[in-house]
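In: pasting a predicted model and its sequence here:
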Amino acid sequence: MKATLIRVFIWPSGAAVLAAVSVLILLLLHLPNTSGDRVLQTIGQRLRQFLPASAQLARVGGDEFAFLLPGHDQPTVDQWLNRLQTELSEPFSLARRRLSVASSMGVAMAHGDHPPTPQDLLRDAHTAMYRAKALNEYRYEIFASTMH
């Protein structure tokens, strides 16, 4: 992921997004033990199918995924994330149950003028994701320096 983040800076703009599938933990309490991995695999597949070809996707731990949208400006990222929230909320079947997944996402934008380091970009996306979670809503937040 770090090498990919460095490549983002070749583009005039781009976004690092961390998505936490917060409701996942509650759902898994009522499913067989092996279902957790299958839910995460399904979410990963949905993300891969939905994201543009230029995007890079990784599961970064627990219920968190990170993806990069190189070369996209903020209005385009907003459009993608609104559509992605809708896509992820579509129910799917697992272990004979219908599941819906909601997510909280944090976004950090890299701009060509003074791009942040890859570490800073991920840190800022993480900060924004926790801001979205703190608002108790399944949404995305774009990082602002006032969040530190």
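Out: Sure, I can see it.
In: and Arg123, how many neighbours does it have?
Out: Arg123: 17 surrounding residues under other C-beta atoms under 10 Å. In this view, the C-beta of every residue, glycine as well, is placed from N, C-alpha and C.
In: check contacts around it.
Out: Applying C-beta atoms under 8 Å, 6 or more residues apart in numbering to Arg123 gives the contacts Ala108.
In: so for the strand or helix carrying Gln45, what gets flagged as buried?
Out: Per DSSP states H and E: Gln45 is located in helix 35-50. If you call a residue buried by 16 or more other C-beta atoms under 10 Å, then helix 35-50 has these buried ones: 35-36, 39-40, 43, 46-47, 50.
In: convert it to PDB, retaining C-alpha atoms only.
Out: Extracted C-alpha coordinates of helix 35-50, given in PDB (Å, rounded to 0.1, in the frame of the first residue of the first chain):
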ATOM      1  CA  SER A  35     -18.900 -16.400   8.300                       C
ATOM      2  CA  GLY A  36     -16.800 -13.400   9.300                       C
ATOM      3  CA  ASP A  37     -14.200 -14.100   6.700                       C
ATOM      4  CA  ARG A  38     -16.800 -14.800   4.100                       C
ATOM      5  CA  VAL A  39     -18.500 -11.400   4.800                       C
ATOM      6  CA  LEU A  40     -15.100  -9.600   4.500                       C
ATOM      7  CA  GLN A  41     -14.400 -11.500   1.300                       C
ATOM      8  CA  THR A  42     -17.800 -10.500  -0.100                       C
ATOM      9  CA  ILE A  43     -17.200  -6.800   0.900                       C
ATOM     10  CA  GLY A  44     -13.700  -6.900  -0.700                       C
ATOM     11  CA  GLN A  45     -15.200  -8.400  -3.900                       C
ATOM     12  CA  ARG A  46     -17.900  -5.700  -4.000                       C
ATOM     13  CA  LEU A  47     -15.300  -3.000  -3.600                       C
ATOM     14  CA  ARG A  48     -13.100  -4.400  -6.300                       C
ATOM     15  CA  GLN A  49     -16.000  -4.600  -8.700                       C
ATOM     16  CA  PHE A  50     -17.200  -1.100  -8.000                       C
END
